[in-house]
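Asker: when you get a sec, could you give me coordinates for this:
(one chain, ligands or ions: 1)
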Amino acid sequence: MSKLKKLQETTRANVKPPPWEDVCPELETYRWRGHRRLAARTYFTKCTTCMWGCRMPVEIIIDNWNPRGKKKHRFETFCYGPRNCKFYKAGSNRKVEGRNGMVFTEEDWVDEQNVEHREPEE
Ligand code: SF4
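Answerer: Predicted coordinates:
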């Protein structure tokens, strides 16, 4: 016989977000919302319980002229949450290795473009 016991019903954990602690929506919702980069330190100190925060692996194609060639992977942290969240910190711009030792910097406009269709509190 299992010793598992239900201790209590859970409800939304934090009624005064941020962070938004609720059941995660469908993936389509995340796709529609778009994301901004999120400082890793902010993610680990404030956002791990937020349904809009995530840390996920990204693929880096070193040579865009040869997309089946050398690839690298690394973890990055993102925020899909409201643009006016008081916890949000972008952190430094991300740098990506390219062919022949080049380094590309992802500029702020990339993040701005990803979320510009949403109102600040949305
Ligand atoms: S910064 Fe983003 S992930 Fe962190 S609490 Fe705010 S909305 Fe959630």
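
Asker: from residue 32, how far out is the residue of the chain found nearest the ligand?
Answerer: The nearest approach of the chain to the ligand comes at residue 81, 2.2 Å away (C-beta to the nearest ligand atom). For every residue, glycine as well, the C-beta is placed using N, CA and C. Remark: distance between residue 81 and residue 32 (C-beta to C-beta, to the nearest Å) = 13 Å.

Asker: so which of the two has more stuff around it?
Answerer: The neighbour count for residue 81 versus residue 32, taken as other C-beta atoms under 10 Å, is higher for residue 81 (25 against 12).

Asker: helix or strand for the more buried one, which one?
Answerer: Using DSSP states H and E, residue 81 maps to neither a helix nor a strand.

Asker: nearest spatial neighbour of it, skipping sequence neighbours?
Answerer: Ranked by C-beta to C-beta, 6 or more residues apart in numbering and with sequence neighbours excluded, the top spatial neighbour of residue 81 is residue 52, at 3.2 Å.

Asker: dump stretch 26-42 to CSV, restricted to CA.
Answerer: Taking Å, rounded to 0.1, in the frame of the first residue of the first chain, the C-alpha atoms of stretch 26-42 are listed here in CSV:
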residue,chain,number,x,y,z
GLU,A,26,-0.3,26.1,-23.9
LEU,A,27,2.9,26.3,-25.9
GLU,A,28,1.0,28.4,-28.5
THR,A,29,0.5,31.1,-25.9
TYR,A,30,4.3,31.3,-25.3
ARG,A,31,4.9,31.4,-29.0
TRP,A,32,2.4,34.2,-29.4
ARG,A,33,3.8,36.2,-26.5
GLY,A,34,7.4,36.0,-27.6
HIS,A,35,10.4,36.3,-25.2
ARG,A,36,13.1,38.6,-24.1
ARG,A,37,16.5,37.6,-22.8
LEU,A,38,16.5,37.5,-19.0
ALA,A,39,19.6,37.9,-16.9
ALA,A,40,20.6,34.5,-15.5
ARG,A,41,21.1,35.9,-12.0
THR,A,42,17.6,37.4,-12.0
